[in-house]
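A.B. asks: got a predicted structure plus its sequence, pasted below:
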Amino acid sequence: MKNNYRKSKIYEKGSLLIIFYLFSFLMLTSCEQNEPEGNGTLGAPETQNLKKMGDITLQKNVIILNEESISAISSTNNREIIFSRSSPQTDSIQTGSILTGTQLDGDQVHTILAKVTSVSKVQNQIFVQTESAKLEEFIYSGTISGTYDPAENKPVNINGKMANYVPLKGFTTPNLVNGIENLERKSSGASQKLIEFNRFNFDKTIPLPTQQAGPVSVASNVHIKGGFTPKIDYKIDFSFGRLTNFEVNFMMDEIALQTFANIQGSLGYTVSVTDYLNIPIAPIVLGPTGLILSPTVSAGPYVGIAATGKAQVKLLDITGNANILVGRNPSMNVSLKKEDDLRITNLEGNVNAEAGVEAKGAVGLMFITVPLANSGLKGRVSAVPSLGVVLIPERKGVIDLKARIQANLFYGFGVNPFRYEGTFPLIQKEYPIYHRDFYF
């Protein structure tokens, strides 16, 4: 009897659990059916209305002015845009709209990025009152990236200032791009002199401490010759209307470097002072987005050398490329190769040297007039030759050649409270290029 009683209790409990689960299921189903439409998916309609342009997603109220609307603009300034006639697109402009576009007027380029505060019509004309747009009102998310090459970009007059215009996919038309390219060709053939600084070249003899040989002073020096082409690669990330990442890759392309040493006696390690020369680069306007990159770059050759005796040698003849990526995850690479063998006219001891280019650079990012980011570096790209002679047990010479890249980096981007900053005091990489033993 006890067993039957226990079984009945178990069955009773099981039946109650089943009834409870069924009741809960019916209640949940009833709640879902009675829930107003749209609840639970509040973000979906907003996301669906966002506009995708290339790798950038814009806010839903952004209007990229097409050619018909641009051609109808009779006047524009920071506070007002006047359209001389209406079109389906201009009819859609309303208070709160964000207008963006690029207007080509003769030799002038005007970029438009404004928030509409009011719209009025007088006969066939449309008067649009505007104010400055905020970043979060314009860009929702995405990435803007590209490479700036001074040899391929010529400054033109943009909003009254000389700058480089970089068209962005979805924001410009083929006709506009062709028009700006024609302006760039005019600019390069006119009075602009920036083209002369596309490649940074140097040819310098650096004096070394004078040696005293009895009553006669003998001079030592190092002659360094070469150059490189500066380029900048950039990547700008946005998410939820704010800047989330800013990376700048400082590149030295087509490096060429030759060094000749004339040493008249023993010399303690001596480093030359770098004479920095500014490399003018015009600001870079990224389409009609309101984003402007402002690069500054200066560079100069330098030499460090030590010797234990006289030497007349061609220390190095190399070519290659290097880059330094500045951001939260910095990296650097250098690729140098030997073009010609070291030539030794006289070598009476050991020579250890470092010769290359020292550069300082920074790139600022602004949205219209608001600073958003600034990243920069001070670094060196160099070759490190080492020559020595061994007399015992045999007369032998040793040549070593290494590539070296080193830099101090800093970055900062975003606006408080979403501000990111960091510094990297010294990063260095080194690898061998060439080694040779020779007998004499």
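C.D. replies: Yep, that arrived.

A.B. asks: please count neighbours and contacts with C-alpha atoms only from this point.
C.D. replies: Will do.

A.B. asks: which element follows the helix or strand harbouring residue 110 toward the C-terminus?
C.D. replies: Counting by DSSP states H and E, the element that carries residue 110 is strand 108-122. Next helix or strand after strand 108-122 toward the C-terminus (DSSP H and E): strand 125-132.

A.B. asks: what lies in contact with stretch 243-252?
C.D. replies: 228-238, 321-328, 363, 372-373, 375, 413-414 (Cα atoms under 8 Å, 6 or more residues apart in numbering).

A.B. asks: now, those residues that are in strands?
C.D. replies: 228-238, 321-326, 363, 372-373, 375, 413 (DSSP state E).

A.B. asks: ChimeraX command for the buried members of the residues you listed?
C.D. replies: Buried residues among these (16 or more other Cα atoms under 10 Å), as a ChimeraX selection:
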select :228,229,230,231,232,233,234,236,237,238,321,322,323,324,325,326,363,372,373,375,413
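
A.B. asks: identify the residue nearest residue 227 in space, chain neighbours excluded?
C.D. replies: residue 201 (4.1 Å; Cα to Cα, 6 or more residues apart in numbering).

A.B. asks: isn't that neighbour right up against residue 254?
C.D. replies: No - with contact defined as Cα atoms under 8 Å, residue 201 does not count as touching residue 254 (11.0 Å).

A.B. asks: list the residues that contact residue 286.
C.D. replies: Per Cα under 8 Å, 6+ apart, neighbours of residue 286: 165, 166, 167, 168, 292, 293.

A.B. asks: how close does the fourth one get to residue 56?
C.D. replies: Computed with Cα to Cα, to the nearest Å, the distance linking residue 168 and residue 56 is 10 Å.

A.B. asks: repeat for residue 107
C.D. replies: 29 Å.

A.B. asks: so the two - more neighbours on which side?
C.D. replies: residue 56 (20 against 15; other Cα atoms under 10 Å).

A.B. asks: run through the bridge partners of the more buried one.
C.D. replies: Per DSSP bridges, the residues bridged to residue 56 are residue 53, residue 142.

A.B. asks: got any residues that touch both of residue 201 and residue 254?
C.D. replies: Contacts common to residue 201 and residue 254, judged by Cα under 8 Å, 6+ apart, are 227, 228.

A.B. asks: what is the burial count for residue 260?
C.D. replies: 20.

A.B. asks: that one contacts residue 311, doesn't it?
C.D. replies: No - look at residue 260 against residue 311 with Cα under 8 Å: they stay out of range, at 10.1 Å.

A.B. asks: just to revisit the earlier point, could I get the contacts of residue 286 as JSON lines with secondary structure?
C.D. replies: Putting those into JSON lines (DSSP: H, G, I helix; E, B strand; the rest coil) gives the following:
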{"residue": "165", "secondary structure": "strand"}
{"residue": "166", "secondary structure": "strand"}
{"residue": "167", "secondary structure": "coil"}
{"residue": "168", "secondary structure": "coil"}
{"residue": "292", "secondary structure": "strand"}
{"residue": "293", "secondary structure": "strand"}
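
A.B. asks: shaky segments in the stretch 101-250 of the chain?
C.D. replies: For the stretch 101-250 of the chain, the stretches with pLDDT under 70 are 148, 150-153, 184-198, 210-218.

A.B. asks: let's see that with 50 instead.
C.D. replies: 190-197 (pLDDT under 50).

A.B. asks: which of the contacts of residue 286 sits closest to residue 78?
C.D. replies: Of all the contacts of residue 286, residue 78 sits closest to residue 292, with 17.1 Å by Cα to Cα.

A.B. asks: so how far is residue 68 from that closest one?
C.D. replies: 26 Å.

A.B. asks: again with residue 306
C.D. replies: Distance, residue 306 to residue 68, by Cα to Cα: 69 Å.

A.B. asks: higher neighbour count, the two?
C.D. replies: residue 306 (18 against 14).

A.B. asks: quick check: the more buried one is in a strand.
C.D. replies: Yes - assignment of residue 306 by three-state DSSP places it within a strand.

A.B. asks: give me the beta-bridge partners of it?
C.D. replies: residue 352.

A.B. asks: can you tell me the closest non-neighbouring residue to residue 351?
C.D. replies: Nearest to residue 351 is residue 307, by Cα to Cα, 6+ apart, at 4.5 Å.

A.B. asks: residues contacting that neighbour?
C.D. replies: 263, 265, 266, 267, 268, 269, 349, 350, 351, 352.

A.B. asks: do a quick rundown of the helices in the stretch 51-200 of the chain.
C.D. replies: 67-71, 88-91, 135-138, 174-189 (DSSP state H, counting those that start in this stretch).

A.B. asks: need those in TSV with distance to residue 422, can you?
C.D. replies: Shown next, in TSV, are these (distance: least, Cα to Cα, whole Å):
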stretch	distance to residue 422
helix 67-71	42
helix 88-91	45
helix 135-138	23
helix 174-189	37
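
A.B. asks: which of the ones you listed is buried the deepest?
C.D. replies: Stretch with highest mean neighbour count among the helices of the stretch 51-200 of the chain: helix 135-138 (a mean of 20; mean count of other Cα atoms under 10 Å).

A.B. asks: what does it rub up against?
C.D. replies: By Cα under 8 Å, 6+ apart, helix 135-138 touches 58, 59, 62, 98, 240, 241, 242, 367.

A.B. asks: are any of those buried, and if so which?
C.D. replies: So, by 16+ other Cα under 10 Å, the buried ones in the contacts of helix 135-138 are 58, 59, 62, 98, 241, 242, 367.

A.B. asks: so of the residues you listed, which ones are in strands?
C.D. replies: Using DSSP E, these in strands are 58, 62, 98, 242, 367.
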